[in-house]
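Novice: take a look and give me a structure for this.
(2 chains)
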Amino acid sequence: MSSALNLAHEPISKIPHGKMVMWVFLASELMFFSGFFGAFIVLRNSNYPIFGHGSSELNIPLALLNTFLLIGSSLTMALSIYNLRLQRRGNAKLFLGLTLVGAFGFLVVKTIEYSTKFEHHLAPGQSEHTTFFSFYFLMTGFHALHVICGIIPMLYIFMKMYSKSGYDHPVKLEVLGLYWHFVDLMWIFIFPALYLMIPFHGPSGH
Amino acid sequence: MSHEHAAATTAHGHAHDDHAHEDHGIKEYMKVFYALCFLTLLTVGAAAMPFPEALGHWKDTLHVTVGVIIAVIKVVAVMYIFMHLKFDHPLLRLVVYIPVALFIIMVFGLNFLETWDYTYITR
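Specialist: Just a heads-up that it's a prediction; the model follows:
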């Protein structure tokens, strides 16, 4: 009787339910960001001078540093899942810790970036604000919010790994990893879209 | 062994023994990591590169297109290796392909439509 019940956990497709649901959630997240990108592209194409000028105010080296932090933490997340699956708990703990360091590092750099924007009066409601900075704060703001949302379950699992019983759910960590990689994927699109409008930086534009 | 662990190994698909799969996995992750770093620098380089002025408004489109193509390569690499899509069930891949394809079509489509409009209709 119990074996019949257990079959519910082994769907014919062999896809763990959590994984399937996370992918569907990420598809809806992609649509959420699609709205921003769609509006951004349409408005940018008819306002290259404003957007180019706005983009020239952004700090590319800091954004590059953030890109590498996110790519690195994506790698360590993948390695953490991999080690947990092989029951190497020490390594899994180490790599999840490094992922958290990357995530917090990203937020620190973001804070530095935002505070400069406020100092330069570029935030919404301030004197130098343009449409470009509405998109800048909207897209990077929601992205940073996603980073924070990823940190919370990561911290939970990280602390569980230090508890007596340890943490032995590689599939759960993998599902969290899917979310974390998605955060990285969105940054991969946001970074060139907002920061790398170098050809349009000139005062003339089009 | 926990139930979840069993599910994880089956979800991983391939019938390699643990050891062979192990070395393969780490090497692949590192390769993707290096590729992502390289492509990030390449995007910055491509954005800073001056394309010929003779292209007119298509110059802007070309810049954006190059940026998007590099981003798509990075995204596919992350999805296939980091997000394990390579080892997943085809059904799951289908769930992923459709929204991602729609997103990429939207980004390209809006860019081209706008330039097209600018070049041939409102000139």
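
Novice: tell me the secondary structure at residue A:15.
Specialist: Following DSSP: H, G, I helix; E, B strand; the rest coil, the label given to residue A:15 is coil.

Novice: where does chain B have low pLDDT?
Specialist: Segments of chain B classed as low confidence (criterion: pLDDT under 70) are B:1-24, B:114-115, B:117-123.

Novice: ok, which stretches of it are helices?
Specialist: Under the criterion DSSP state H, chain B contains helices at B:3-11, B:18-48, B:57-77, B:90-120.

Novice: centroid residue for chain A?
Specialist: residue A:183 (2.3 Å; Cα atoms, centre = their mean).

Novice: chain B too?
Specialist: residue B:75 (2.5 Å).

Novice: from residue B:81, how far off is that one?
Specialist: 12 Å (Cβ to Cβ, to the nearest Å). Where you see a C-beta, it was placed from the backbone N, CA and C, and this is true even at glycine.

Novice: which stretches of chain A have low pLDDT?
Specialist: In chain A, residues with pLDDT under 70: A:1-13, A:202-206.

Novice: which stretches in it count as helices?
Specialist: Under DSSP H, chain A gives helices at A:2-6, A:17-46, A:48-56, A:60-85, A:89-119, A:131-162, A:170-190.

Novice: of those, which is nearest residue B:94?
Specialist: helix A:17-46 (10.3 Å; Cβ to Cβ).

Novice: mean neighbour count, the helices of chain B: which tops it?
Specialist: helix B:57-77 (a mean of 19; mean count of other Cβ atoms under 10 Å in any protein chain shown).

Novice: returning to what we had before: which residues touch the residue nearest to the centre of chain A?
Specialist: Shown in contact with residue A:183 (Cβ atoms under 8 Å, 6 or more residues apart in numbering or on different chains): A:70, A:143, A:146, A:147, A:150.

Novice: before we move on, back to that, was I right about the residue nearest to the centre of chain B contacting residue A:186?
Specialist: No. The pair residue B:75 / residue A:186 is not scored as a contact, 9.5 Å apart, by Cβ atoms under 8 Å.

Novice: and for the two, which residues touch both?
Specialist: Joint contacts of residue B:75 and residue A:186 (Cβ under 8 Å, 6+ apart) do not exist.

Novice: how many neighbours does residue A:163 have?
Specialist: 8 (other Cβ atoms under 10 Å in any protein chain shown).
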